[in-house]
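> Let's see this in three dimensions:
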Amino acid sequence: MSYTFRREPLRAGNVDPLANACESFEEKLVVWTLLDTGVRVSEYCNLRPENVEWQFERIVVYGKGGPFGSKSKRRVVPMTPRVRKLLEVRFVTHRGIGMTQRTVKWVAARAGIVQHTTPLVIRHTLEQRTLTAQLDWYTGIGFRHGV
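Coordinates of the predicted model:
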């Protein structure tokens, strides 16, 4: 039987060093948003000011699904105060958000994390932390579908 490579969530001791290793605004925007919201990379890259409901402190993202790959599946994700501040600053100067996979890897290397670290690993980390804290999956941190 062959081994199937799984992207394991970050260990509990690696989450804070990853967040603290961010030096630039762009790195904080990428890593903190992924850590706090659990959005997919495509959802993050397509984020626009009109997707943010500032008064309700949530983000409406579209992605993964829909007929013929139209990315029409809608999710509402809670927004933490630190992500709100970063998005406010970003959207004052830019219309959208850009990102590379390497940003997460560079920050992880700077933090001394040897574990394979990608945006998907960060998403799995948030999922595991939500379940470990015994939060309700749909009303917990960021995984509300179809609202």
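> lowest-confidence helix or strand of the chain?
Within the chain, judged by mean pLDDT, DSSP states H and E, the helix or strand with the poorest mean is strand 144-145; its value is a mean of 38.
> contacting residues around the most centrally placed residue in the chain?
When the chain is reduced to its mean C-alpha position, the closest residue under C-alpha atoms, centre = their mean turns out to be Leu34, at 1.9 Å. The contact partners of Leu34, taken as C-beta atoms under 8 Å, 6 or more residues apart in numbering, are Tyr44, Val104, Pro119, Ile122, Arg123, Leu126. The C-beta positions use only the backbone N, C-alpha and C, and glycine is treated the same way.
> mind listing what's buried in the helix or strand containing the fourth one?
Counting by DSSP states H and E, the element that carries Ile122 is helix 119-132. The neighbour-count check on helix 119-132 (16 or more other C-beta atoms under 10 Å) flags Pro119, Leu120, Val121, Ile122, Arg123, His124, Thr125, Leu126, Glu127, Arg129, Thr130 as buried.
> Report the two of those residues separated the most.
Based on C-beta to C-beta, the longest span within these runs between Pro119 and Thr130 and measures 16.8 Å.
> how about low-confidence regions in this structure?
In the predicted model, the chain carries pLDDT under 70 at residues 1-6, 65-71, 134-147.
> Can you tell me the element the residue nearest to the centre of the chain falls in?
Using DSSP H and E, Leu34 falls within helix 25-37.
> Let me know the next secondary structure element after that helix.
Downstream of helix 25-37 (by DSSP H and E), the next one is helix 41-45.
> Helix or strand next in line after that following helix, which one?
Past helix 41-45, heading to the C-terminal end, the next element that is a helix or strand (DSSP H and E) is strand 52-53.
> could you say what helices and strands that next one packs with?
Of the remaining helices and strands, those touching strand 52-53 by 3 or more C-beta pairs under 8 Å, 6 or more residues apart in numbering; DSSP states H and E are strand 58-62.
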